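Engineer: here is a sequence with its predicted model. Questions after.
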Amino acid sequence: MSDLQLEPTGATPAPRASGSAAWKVLAALLAIACAVLAFLLLRPAEEAEAEESPTATAESTGALACDVLGEVVAVPDDEMASDEAYVMQLRLSAAGVLGLMAEEQDASFENFAEHLQGPGQAQARSFSMDSPEFHEALDLARSTCSNRFPAEE
């Protein structure tokens, strides 16, 4: 064995404090802080998504439909195979679908979709954006939009 012997120094170890209650309080406070932080971080994201969506309400959906319809320009028959004509057809379709969505979101938009889908249907029937039927339907759709969403001055 070893010749090393420990001699008492007279120092006594510090008594152990019963800190289990302090740790429980600290853990509870940490849990509450995490819950509050999670609520604050996640809640605004959900609200912001709802507020920022262009189709969150029937009004915003209808206004978007009318904005898209406002970008439609009749393409002459001899240019119907062009990319521009295809883009106009897509705008007509988008305006019609958005009009239908607005009508589904709020019953007060009755006939809104029918009027906004009219130009696209007229173009599909006649394969023309030069026909009187197309221009009549486009005028009705634009009139519906201007009545529902008067221009702000």
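Structural biologist: In hand now; what should we look at?
Engineer: ok, for the most centrally placed residue in the chain, nearest residue in space, not its chain neighbours?
Structural biologist: With distances taken as CA atoms, centre = their mean, Ser53 lies nearest the centre of the chain, 2.8 Å away. Excluding the flanking residues, the one nearest Ser53 by CB to CB, 6 or more residues apart in numbering is Ser60, at 7.6 Å. In this view, the C-beta of every residue, glycine as well, is placed from N, C-alpha and C.
Engineer: again, but for Cys145
Structural biologist: Cys66 (3.6 Å).
Engineer: how is the chain carved up into domains?
Structural biologist: For the chain, automatic domain parsing gives the domain ranges 23-52, 58-148.
Engineer: output the below-cut-off pLDDT ranges for this structure.
Structural biologist: Low-confidence regions of the chain, defined here as pLDDT under 70, cover residues 1-2, 6, 8, 10-19, 21-22, 40, 43-51, 152-153.
Engineer: helices along that one, start to end?
Structural biologist: Counting by DSSP state H, the chain has helices at residues 20-52, 58-70, 83-105, 112-126, 132-148.
Engineer: need the CA coordinates for the shortest one. CSV is fine.
Structural biologist: This points to helix 58-70. C-alpha atoms of helix 58-70 as CSV (Å, rounded to 0.1, in the frame of the first residue of the first chain):
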residue,chain,number,x,y,z
ALA,A,58,-64.7,38.4,-51.7
GLU,A,59,-64.0,42.1,-52.1
SER,A,60,-60.3,41.5,-52.6
THR,A,61,-60.9,38.6,-54.9
GLY,A,62,-63.4,40.5,-57.0
ALA,A,63,-61.1,43.5,-57.2
LEU,A,64,-58.3,41.2,-58.4
ALA,A,65,-60.6,39.7,-61.0
CYS,A,66,-61.4,43.2,-62.3
ASP,A,67,-57.7,44.2,-62.3
VAL,A,68,-56.9,41.2,-64.4
LEU,A,69,-59.9,41.9,-66.7
GLY,A,70,-58.7,45.5,-67.1
